[in-house]
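Novice: Structure, please.
(3 chains)
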Amino acid sequence: MSFNESIIYLAFICVFLTAPSSAQDISDTKKAVIIQEHTLDGMPDCNVDNLYYRTAYILCFNPERKVPNWTAYKVVADFRNTPKREGRLSRFRNDPDIDGEAKDADYKGYFNSRGYARGHYTPYGVLGGDRDHDGELPNLEASLSDPDDEKTVFEGNYMSNIAPQHHNGFNGSPGMWWKLERWLQDKIITADNETAHVIAGAIFGPGDVEKIGPNKDIHVPPMFYKIIVINKKANKPQRTLAFLFPHHRKAHQGIHNYLTSIDVVEAMTGIDFFKDTVVDEDIDTLETWQEHFQD
DNA sequence: CGGTGGCTGGGG
DNA sequence: CCCCAGCCACCG
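Specialist: Residues are numbered from 1 along each chain as shown, chains lettered A, B, ... in the order given. The predicted model follows:
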């Protein structure tokens, strides 16, 4: 082997050994199943190196800012069967597929000093259910828990599904992020037995943002958005909603004030969320839905 | 990593 | 009043 051949050989070995850090170990078959589940006719724009496929959601991670660009997830009534958030199911976890992500400890101290909580994009409350259809559920009682569905809950608690969010007035009650989840999960999914597809994301814009953590490398999003498609059902048409939330802790005057259109979110992010015509973006949003948010 | 206890505000 | 959903901190 010549010197040059040795270099190429070593380079190949290095690439091979480091490849799993950016390429999740998952079969194309399983990818296709997850895409079918969590997207509507096409993946929202994302650098392919930053896409991660989880049972309960698809993640488009932002490695420079160490928070998600977006996550996309389906919500049905069964997915709300997440066990009570205690014990091993409550803990935030490192993402084994991502190097250099934010760690749980990196957020330590910011709750008291700045009011930042570790805010889920894909919510804990929709990580449950019998995802593998074997009749067993995740369960706080370990001996009763289905390991496969339990892993789905663990994945939702990966730090790659997390960004700093103001706890008071945004992430927690009575914040906008909290309020919208309560409305979707409790009213639309549970009470009305609808199904929905959601895309939750952050918008940074061109300016500087606050950075937290021991290395000051976790970027605090100045805005969040959430696009909700309530799926067509029997006699009801598909309905769409798009919210644009400034990330502040002021008391909000009803989340209906933050309704916008999918087109606006697409213009601000540069992301095409729905490639084809499955989502009728003309059905938007404010006039149809304002009445539901007179809170 | 798991267990335990505390906090805030919503809602019945 | 209680329980709930979001979280946090501390301890072993």
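
Novice: Quick check: closest non-adjacent residue to the residue in the stretch 51-200 of chain A that DNA strand B sits nearest to.
Specialist: The nearest approach of the stretch 51-200 of chain A to DNA strand B comes at A:Gly87, 2.7 Å away (CB to the nearest atom of the strand). Just so you know, the C-beta spots here come from the backbone N, C-alpha and C atoms, and that holds for glycine as well. In this structure, A:Gly87 finds its nearest non-sequential neighbour in A:Leu140, 6.1 Å apart by CB to CB, 6 or more residues apart in numbering.

Novice: what's the answer for A:His167, then?
Specialist: A:Ala117 (3.8 Å).

Novice: Could you check how far that neighbour is from DNA strand C?
Specialist: Counting by CB to the nearest atom of the strand, to the nearest Å, the separation of A:Ala117 from DNA strand C is 3 Å.

Novice: hang on, that residue packs against A:Asn171?
Specialist: Yes. The pair A:Ala117 / A:Asn171 is scored as a contact, 4.8 Å apart, by CB atoms under 8 Å.

Novice: Okay, and A:Ile199 sits in which element?
Specialist: strand A:196-203 (DSSP states H and E).

Novice: Which residues does that strand contact?
Specialist: A:38-40, A:44, A:60, A:62, A:67-75, A:121-122, A:163, A:184, A:188-189, A:221-231, A:244, A:268-269, A:271, A:273 (CB atoms under 8 Å, 6 or more residues apart in numbering).

Novice: Would you mind putting the CA coordinates of that strand into PDB?
Specialist: Output in PDB follows, covering the C-alpha atoms of strand A:196-203 (Å, rounded to 0.1, in the frame of the first residue of the first chain):
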ATOM      1  CA  ALA A 196     -54.100  16.100  13.700                       C
ATOM      2  CA  HIS A 197     -50.700  16.600  12.200                       C
ATOM      3  CA  VAL A 198     -48.600  19.300  13.900                       C
ATOM      4  CA  ILE A 199     -45.300  21.000  13.000                       C
ATOM      5  CA  ALA A 200     -43.700  22.900  15.900                       C
ATOM      6  CA  GLY A 201     -40.700  25.100  15.200                       C
ATOM      7  CA  ALA A 202     -38.500  28.100  16.000                       C
ATOM      8  CA  ILE A 203     -37.700  31.200  14.000                       C
END
